[in-house]
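In: Output the structure for:
(one chain, ligands or ions: 1)
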Amino acid sequence: MLRNKQIILGVSGSIAAYKAVDLASRLSQAKTNIKVVMTKAATAFVTPLSFSAISGHTTVTDLFSSGDITHINITAHADCIIIAPATANTIAKLANGIGDNALTSIVLAAKCPLFIAPAMNERMWLNKATQANVALLRGRGVLFIGPRIGALACGDTGIGRMAEPDEIINYLRDFFIRQNQLANKHIIITAGGTEEIIDSIRFIGNRSSGKMGYALAEAAKARGAEVTLIAPPSELTAPGVRLVNVRTAADMHQAVLEGFAEADAVIMSAAVSDYHVANTCSSKIKKNNKPLILRLEPNVDILEELGKSKESQVLIGFAAEADDLISNAQKKLVAKNLDFIIANDINQRAGGFASNNNQAVIISNNDIEPLPLMTKRELADIIIDRLSAIISNT
Ligand code: CTP
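Out: Numbering: from 1, shown residues only. Below you'll find the model as predicted:
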């Protein structure tokens, strides 16, 4: 999959730059056409000559040395840019659109996918400024590989270690295999917990974080799908997809219906409230000493309704269960006429609502597939794999 790909390898100033030499060598063995761009700080760790020898092209360290407009020309046919290692400083510049060296100018001029493999001390990675910059870049569709937990150059152990060249190569290979798998497909994904209004400032909610749905949106977008993410406002960053903010189950219902006829698939990962308050108050309810009675009436089951009216759309649901995980999820699979359902045990300790991890079972009419504990992003890729298989068979 990597053969003949035009890849720009950006190297910034970290001790992990030595790993970039190995990465360049493996990319070259995979018959890619790589051009290497280094920041000035990177040249303090590894010489440009090492990369020139491996890539067969002069390593770019200065925008103006070759007398042409390198940053525009070099990007013209690039299939992707991978920055490995990416320092906190380079990440900050990219987040803010700064082009003060060859690498950052090239990224500014490029239209191709950008991958970033960060490498830094744990405190620098966890610094709020770095995390805000990462979130901003993710929101623009930039894909991060790592960093990983391990021994750091400063002698500490923690998160900040650059992903190994093998992992980066596998990630790029998977990316190119999947890149156009869902091209021209429109996928609606719902995420987070809906909110039911009690009065002008209060609502009934639930503890869904939305992380699973956002991970699904990122995974579907990485396959070339056109994604509409429907979710309540949250601090999560939508990964460069169309975001429709809704609060109540009724609003979510309407937003899903608006896109349904044109959609190829709907993934309902939202925790939709089953009831709404019938006796809402338009101002703030004042307290008194009497009991306050809220009358709850059932909401429409969005997925069940889609299941009744679906034509060729693939429908995927989630089942949050406290007991009898498999049999309860199977009942929902049938009742809602789904292609498959992802069953979650809400009592699981290691994963769950606010966690970045999840342990799930994928259930279809002819299969029960228990999965190990993994990150929500990894689970999202498996779900999108299953979805792609169904779409490509229809
Ligand atoms: N769902 C929906 N509309 C609702 C309630 C749920 O579309 N009003 C969807 C959810 O997004 C999920 C699936 O149906 O994909 C199952 O939701 P879940 O809360 O697990 O089950 P319910 O059908 O609501 O049943 P119960 O709460 O009794 O388990």
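In: from the middle of its chain, how far away would the helix ranked longest in the chain be?
Out: Counting residues, the longest helix in the chain under DSSP state H turns out to be helix 376-393. Centre-to-centre, helix 376-393 and its host chain are 13 Å apart (Cα atoms, centre = their mean, to the nearest Å).
In: Show me what it is packed against.
Out: Here helix 376-393 touches helix 211-222, strand 265-268, strand 314-321, strand 340-345, strand 357-358, strand 360-364, going by 3 or more Cβ pairs under 8 Å, 6 or more residues apart in numbering; DSSP states H and E. C-beta here means a position set from N, CA and C on the backbone, and glycine is covered the same way.
In: now these in JSON lines, with distance to Val256, mean pLDDT and mean neighbour count?
Out: As requested, these are exported to JSON lines (distance: least, Cβ to Cβ, whole Å; pLDDT from 0 to 100; neighbours: other Cβ atoms under 10 Å):
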{"stretch": "helix 211-222", "distance to Val256": "13", "mean pLDDT": "95", "mean neighbour count": "27"}
{"stretch": "strand 265-268", "distance to Val256": "7", "mean pLDDT": "98", "mean neighbour count": "26"}
{"stretch": "strand 314-321", "distance to Val256": "11", "mean pLDDT": "96", "mean neighbour count": "22"}
{"stretch": "strand 340-345", "distance to Val256": "17", "mean pLDDT": "96", "mean neighbour count": "23"}
{"stretch": "strand 357-358", "distance to Val256": "23", "mean pLDDT": "88", "mean neighbour count": "20"}
{"stretch": "strand 360-364", "distance to Val256": "22", "mean pLDDT": "96", "mean neighbour count": "21"}
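In: Need these in a markdown table (columns: distance to the ligand).
Out: Compiled in a markdown table, the helices and strands packed on helix 376-393 are given as follows (distance: least, Cβ to the nearest ligand atom, whole Å):
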| stretch | distance to the ligand |
| --- | --- |
| helix 211-222 | 10 |
| strand 265-268 | 3 |
| strand 314-321 | 3 |
| strand 340-345 | 7 |
| strand 357-358 | 14 |
| strand 360-364 | 12 |
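In: Out of these, which gets nearest to Tyr275?
Out: strand 314-321 (15.6 Å; Cβ to Cβ).
In: ok, and does whatever helix or strand comes next after that closest one reach over to the ligand?
Out: Tracing the chain C-terminally past strand 314-321 and defining elements by DSSP states H and E, one meets helix 325-335 next. Yes. Residues of helix 325-335 contacting the ligand under Cβ under 6 Å from any ligand atom: Lys332.
In: Tell me which other helices or strands helix 325-335 touches.
Out: Checking 3+ Cβ pairs under 8 Å, 6+ apart, helix 325-335 ends up next to strand 314-321, strand 340-345, strand 360-364.
In: Can I get the ones you listed in JSON lines including distance to Glu195?
Out: Converted to JSON lines, those look like this (distance: least, Cβ to Cβ, whole Å):
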{"stretch": "strand 314-321", "distance to Glu195": "17"}
{"stretch": "strand 340-345", "distance to Glu195": "21"}
{"stretch": "strand 360-364", "distance to Glu195": "25"}
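In: Of these, which is nearest Pro233?
Out: Using Cβ to Cβ, the helices and strands packed on helix 325-335 put strand 314-321 closest to Pro233, at 20.7 Å.
In: Sheet-wise, list the partners of the closest one with their directions.
Out: Strand 314-321 pairs in its sheet with strand 265-268 (parallel), strand 340-345 (parallel), by DSSP bridges.
In: In CSV, list the ones you listed along with distance to Cys80.
Out: Shown next, in CSV, are the strands paired with strand 314-321 (distance: least, Cβ to Cβ, whole Å):
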stretch, distance to Cys80
strand 265-268, 26
strand 340-345, 30
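In: Those: which one's closest to Asn4?
Out: That would be strand 265-268 among those, by Cβ to Cβ, at 31.7 Å.
In: residues making contact with that closest one?
Out: The contact list for strand 265-268 (Cβ atoms under 8 Å, 6 or more residues apart in numbering) reads 185, 187-190, 213, 216, 256, 260, 302-303, 306, 313-318, 383, 387, 391.
In: all strands for the stretch 151-300 of the chain, in order.
Out: Secondary structure of the stretch 151-300 of the chain by DSSP state E, counting those that start in this stretch: the strands cover 157-161, 186-190, 196-197, 203-204, 226-231, 242-245, 265-268, 275-277, 296-298.
In: so which of the ones you listed gets nearest Ala322?
Out: Ala322 lies closest to strand 275-277 among the strands of the stretch 151-300 of the chain, at 17.7 Å (Cβ to Cβ).
In: Quick check: mean pLDDT of that closest one?
Out: Per-residue pLDDT values over strand 275-277 give a mean of 98.
In: by contact count, what packs against it?
Out: With contacts taken as 3+ Cβ pairs under 8 Å, 6+ apart, strand 275-277 sits against strand 196-197, strand 296-298.
In: What residues of that strand count as buried?
Out: Buried residues in strand 275-277, defined by neighbour count with 16 or more other Cβ atoms under 10 Å: His276, Val277.
In: Neighbouring strands of it in the sheet, and parallel or not?
Out: Partners of strand 275-277 in the sheet, by DSSP bridges, are strand 296-298 (antiparallel).
In: Go ahead and name everything in contact with the strand it pairs with.
Out: With Cβ under 8 Å, 6+ apart as the test, strand 296-298 has contacts from Asp274, Tyr275, His276, Val277, Ala278.
In: Please put the alpha-carbon coordinates of stretch 106-116 into CSV.
Out: Provided in CSV are the C-alpha atoms of stretch 106-116 (Å, rounded to 0.1, in the frame of the first residue of the first chain):
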residue,chain,number,x,y,z
ILE,A,106,5.5,23.3,4.1
VAL,A,107,2.7,22.2,6.4
LEU,A,108,1.0,25.5,5.9
ALA,A,109,1.2,25.1,2.1
ALA,A,110,0.0,21.5,2.0
LYS,A,111,-3.4,20.0,1.4
CYS,A,112,-2.6,16.4,2.0
PRO,A,113,-3.2,14.4,5.3
LEU,A,114,-0.9,15.3,8.2
PHE,A,115,0.3,12.8,10.7
ILE,A,116,2.1,13.8,13.9
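In: Number the residues from 740 up from this point.
Out: Sounds good: first residue 740 from here, last item stretch 845-855.
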